[in-house]
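In: Okay, sequence plus prediction incoming.
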Amino acid sequence: MKKKKSYFWPAALLVTILVIIGDFLARVSSVLFLPVERLLFVTPGISPVIMWAFLGMMLGAIYGCYVSIRKFRLDNKLIVIPVGIFVVVINLMIIFS
Amino acid sequence: MESSDEKIIPGTDSRPGETGRAQEKIIPGVGTPRVDKPDTPTNQTTPPRSQPEEPGEQTDVTQLIAASTRAGGLNEIPHDFDNRNGSWSSISSSNPFEILYLDYKQYRSITSEMVQKNYRIISEFWADKLLIMNRGARDQIEKKYTAVVVNGAERRLEAALNKLKTPASLELSFQQVDGRRLETGFAAISELIEISVQDGHITENQANVIVAKGLKNGLEAHEIEGRIISIITEKGFKPRKEVDKSRTFRNLWMTEDAWTAYQRRDVRVEWLVEYASTLEELGEITFRKKTESEYYLRNANYLPALVNRVTNSASRAAEFERIIEEEKDTEKKYLKILYHLHPALPFRFRGSVYNDIHKLFDDATLAPESFWMAAALFSKDHFRIWLNESAPQVAMLMPETNDVIAFLTFLYAVNRHYPFYLNNTKFTSPEDLARAMKVNQGIWVNVAQHMENGYLPAWFKAIGRADINSRYNAHLEAIINAGLYDAKELKLAAAQTLILIIDASVAVPTLSADISQIVLPEVEGGSVVRSGVRLRVQNAGFVKAAVRLDTDIDGITISENELTFNSYAHESEREVVLIVDSSRLVKDRLYMLNLTVNTSYGAISIPVQIRVVFPKRAVTIKVAQYAAATALYFSLFRYLVSLLMNFDGWLAGYGYVTGEYPFLFFLLVAGFTAGAFYSFRYVKKLEKI
């Protein structure tokens, strides 16, 4: 009978390595996370969760608009509206942050 | 008098064994089996027959003229008057009655008004043709009718009208037409009569041959027999022995000399352990001892010698020898010998014996088994062998073929009131058949098959309803040309057609829709809208419909192109759905088209109006959905970061963040990024974009 190949040891080895270099990976992740966090930081009075939700909402609106254009075969120019709003808001954030 | 080169119309001709003759009923004649002749007055005679024509057509024309006369003359030009070989050819007849579309045999019921009316209607028909010919369609008219006929029609009609205008001239014309027929017929048989009576003795067989020839030349059986008796009486013939009152020529018609010689003969021969001195006696023994006779008839060694002794005639013996040598089928050989010996012998059928075909068919048509057995015997020529010898005038009614159609033609020629058997089901009339079809669709396919194989058409034609066949064929052609029906559906459609033709009270199966129009004024772009139309068959029946849009527009389609309605199978209602795929249509443009439903019995049209508008609501909902979902996703991520860092404030001030579990933070950011990436693929699949 053919012996089933075990992935346990390679996996254990990989996790051990990742845990060891975890600190490094976290710093790399920070490079992605912190710029967005800084962008959204307008005032300490507003919770970061709310601001991230706001960002998500704007990106979601663009995504929703894109899906509508594809699904309902609408004019591609329609995407300009949510993208424009997004750009304006982001710029305002940069100005006020 | 008409000139000799004038044509006889097809309807007046007849030949032995053709369906054309089959419509005529035989007047009961002396010495022949009887067949009814219900529609002909007994004191009238048949028209002259000459110049053979196509039998099917001639039957129809004669029949149509007779039927029209019975119905009181024409009220309008008959529907098939103008057909190829149709009744229009009556214009070329030498018979003034037929020129005016009247049956001269019914001259007693023909009035001056009928004559005038028919003259007016037929004159209008030919005047119209003359006009068309002179206006340019000369080739077409000449090809069909010939210019001579069209140009001469009015003159011929006027001449015929003058001959039939008054009761006295009508009577005179009848006598002239009938006199010509008798003159021609008697001339045709006179030589044969002379030859047959040369030896001072006429037998039933010889008389039958003369009768057959006379019938072919337009005479009636009783006229021929009367003529023979008149001639032989002049020559001193007398019936010497009363054998059979109903068959006069069995009564030994002989001259004095021949009778004396006959009495001096004292010949006795032994045949199947019995003694006989005449052919008739030999026949009677053969009839009683069928099995034994078949052994002795296996070759020509026995019977011809006895015939020679009994008749003193080599030619008579040779006749029997020829039958025995040429006929290989034992049963047919037996029958041929039997009825050649003694034509008056009865016919065995299902354990009974019959002296004439009328009684045999009366019994045979009582049950399907006997009906189809009679058909089987017909196909084996047994009836033909019997009737050729015993009743040649009845045998003349038989078509030349011996298939079922020929059997039916013959059967209904004997008596048109006999029932028809659709396999094992009995129908007494076309109306009876239509009634059964209306309540039982199970027989429709069978009926259609019987129309296809010619059995039912043969019945209709033989009972004088040939119009059913012509109308059925015309309707069926239209149905086939529509190209809607497959093989089985075509059978149902054919049966449906037959019902409608036979029973005028049956309403055609028309369709109706539950809505009068389809209006879709605000179809949102990108959406697919469906709008259903329920169609219902109004009357009982089977019908197939072709559903079409009169304008081809990419994006507007229908769910069904063909719909089958069959009220007998509870399929009276069907739905067709109009599908509008707005993504393929131009926004804010009004599309106007028609949904048409065509059947063999009519069409309905439903106007359709469609306008596609911008999908505000759908887009708003979609954007809101995605905005909310993404907001939730982002906020959840940030919330988990706060939990992981154990800090719910802003992290913007840090150079980097790792928290207590940097590896978990990495996993969270990686998961967030990967989730965003994979959501594209998922959404693409979900939204089918």
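Out: Nice, I can see it.
In: what sits against the residue nearest to B:Ala305 when sequence neighbours are not counted?
Out: In this structure, B:Ala305 finds its nearest non-sequential neighbour in B:Ala317, 7.2 Å apart by Cβ to Cβ, 6 or more residues apart in numbering or on different chains. To be clear about C-beta, it is placed using only N, CA and C from the backbone, and glycine gets the same treatment. Counting by Cβ atoms under 8 Å, 6 or more residues apart in numbering or on different chains, B:Ala317 touches B:Pro304, B:Ala305, B:Val307, B:Asn308, B:Thr311.
In: between these, which has the most around it?
Out: Using other Cβ atoms under 10 Å in any protein chain shown as the neighbour test, those are led by B:Val307, with 25 neighbours.
In: Can you tell me the SS state at that residue?
Out: helix (DSSP: H, G, I helix; E, B strand; the rest coil).
In: Need the residues that contact stretch A:81-92.
Out: Under the criterion Cβ under 8 Å, 6+ apart, residues A:Leu39, A:Met58, A:Leu59, A:Ala61, A:Ile62, A:Gly64, A:Cys65, B:Val623 lie in contact with stretch A:81-92.
In: secondary structure class for B:Asn552?
Out: That one is not Asn; residue B:552 is Asp. In three-state terms, and counting by three-state DSSP, B:Asp552 is coil.
In: how far away is it from B:Val580?
Out: Counting by Cβ to Cβ, to the nearest Å, the gap between B:Asp552 and B:Val580 amounts to 14 Å.
In: show me the biggest strand of chain B in terms of residues.
Out: Ranked by number of residues, the top strand in chain B under DSSP state E is strand B:602-613.
In: sorry, back to before: I would like a PyMOL command selecting only the buried ones among the contacts of stretch A:81-92, please.
Out: Selection of buried members from those for PyMOL, criterion 16 or more other Cβ atoms under 10 Å in any protein chain shown:
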select buried, (chain A and resi 58+59+61+62+64+65) or (chain B and resi 623)
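In: Export the contacts of stretch A:81-92 to a markdown table and append columns for secondary structure, distance to B:Ala494 and pLDDT.
Out: A markdown table is the format used below for the contacts of stretch A:81-92 (DSSP: H, G, I helix; E, B strand; the rest coil; distance: Cβ to Cβ, whole Å; pLDDT from 0 to 100):
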| residue | secondary structure | distance to B:Ala494 | pLDDT |
| --- | --- | --- | --- |
| A:Leu39 | helix | 82 | 89 |
| A:Met58 | helix | 71 | 96 |
| A:Leu59 | helix | 69 | 95 |
| A:Ala61 | helix | 66 | 96 |
| A:Ile62 | helix | 66 | 96 |
| A:Gly64 | helix | 60 | 95 |
| A:Cys65 | helix | 61 | 95 |
| B:Val623 | helix | 61 | 95 |
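In: Distance to B:Ile224 for the contacts of stretch A:81-92 - can I get that in a markdown table?
Out: What follows is those, written out as a markdown table (distance: Cβ to Cβ, whole Å):
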| residue | distance to B:Ile224 |
| --- | --- |
| A:Leu39 | 126 |
| A:Met58 | 115 |
| A:Leu59 | 113 |
| A:Ala61 | 110 |
| A:Ile62 | 110 |
| A:Gly64 | 105 |
| A:Cys65 | 105 |
| B:Val623 | 105 |
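In: Identify the residues contacting the residue of the stretch 301-450 of chain B at minimum distance from chain A.
Out: Residue nearest to chain A within the stretch 301-450 of chain B: B:Gln441 (49.1 Å; Cβ to the nearest Cβ). By Cβ under 8 Å, 6+ apart, the contact list for B:Gln441 reads B:Leu492, B:Phe542, B:Asn566, B:Tyr568, B:Ala569.
In: at 7 Å what do you get?
Out: Residues in contact with B:Gln441 (Cβ atoms under 7 Å, 6 or more residues apart in numbering or on different chains) are B:Tyr568.
In: From B:Ala495, how far off is it?
Out: Taking Cβ to Cβ as the measure, B:Gln441 falls 8 Å from B:Ala495.
In: Repeat that for B:Tyr633.
Out: According to Cβ to Cβ, B:Tyr633 stands 68 Å off from B:Ala495.
In: and the residue in the stretch 401-550 of chain B that chain A sits nearest to, what does it touch?
Out: Nearest residue of the stretch 401-550 of chain B to chain A: B:Gly526, at 2.5 Å (Cβ to the nearest Cβ). Contact partners of B:Gly526, counting by Cβ under 7 Å, 6+ apart, are A:Lys71, A:Phe72, A:Arg73, A:Leu74, B:Ser582, B:Ser583, B:Pro615, B:Ala618.
In: Closest one of those residues to B:Lys685?
Out: A:Lys71 (12.6 Å; Cβ to Cβ).
In: Tell me if stretch A:15-30 is near chain B.
Out: Yes: using Cβ under 7 Å from any Cβ of the partner chain, we find that stretch A:15-30 touches chain B at A:Leu18, A:Val19, A:Gly22, A:Asp23, A:Leu25, A:Ala26, A:Arg27, A:Ser29, A:Ser30.
In: Close to chain B: what parts of chain A are there?
Out: Within chain A, the positions lying close to chain B (Cβ under 7 Å from any Cβ) are A:18-19, A:22-23, A:25-27, A:29-30, A:32-34, A:37-38, A:41, A:44, A:48-49, A:52-53, A:55-57, A:59-61, A:63-65, A:67-68, A:70-74.
In: Among those residues, which ones are in helices?
Out: In this view, those that belong to helices under DSSP state H are A:18-19, A:22-23, A:25-27, A:29-30, A:32-34, A:37-38, A:48-49, A:52-53, A:55-57, A:59-61, A:63-65, A:67-68, A:70-72.
In: And chain B, what are its domain boundaries?
Out: By the record's domain assignment, chain B is partitioned as B:10-181, B:419-463+B:472-496, B:511-614, B:617-687 (automatic domain parsing).
In: Would you double-check that the residue of the stretch 401-550 of chain B closest to chain A falls in a helix?
Out: No: counting by three-state DSSP, B:Gly526 is located in no helix; its state is coil.
In: Name the nearest residue to it, sequence neighbours excluded.
Out: Sequence neighbours aside, A:Phe72 is the residue nearest to B:Gly526 in space, at 2.5 Å (criterion: Cβ to Cβ, 6+ apart).
In: Quick check: nearest residue in space to A:Gln63, chain neighbours excluded?
Out: Residue A:63: Tyr, not Gln. Of all residues not flanking A:Tyr63 in the chain, B:Tyr626 sits nearest, at 4.7 Å (Cβ to Cβ, 6+ apart).
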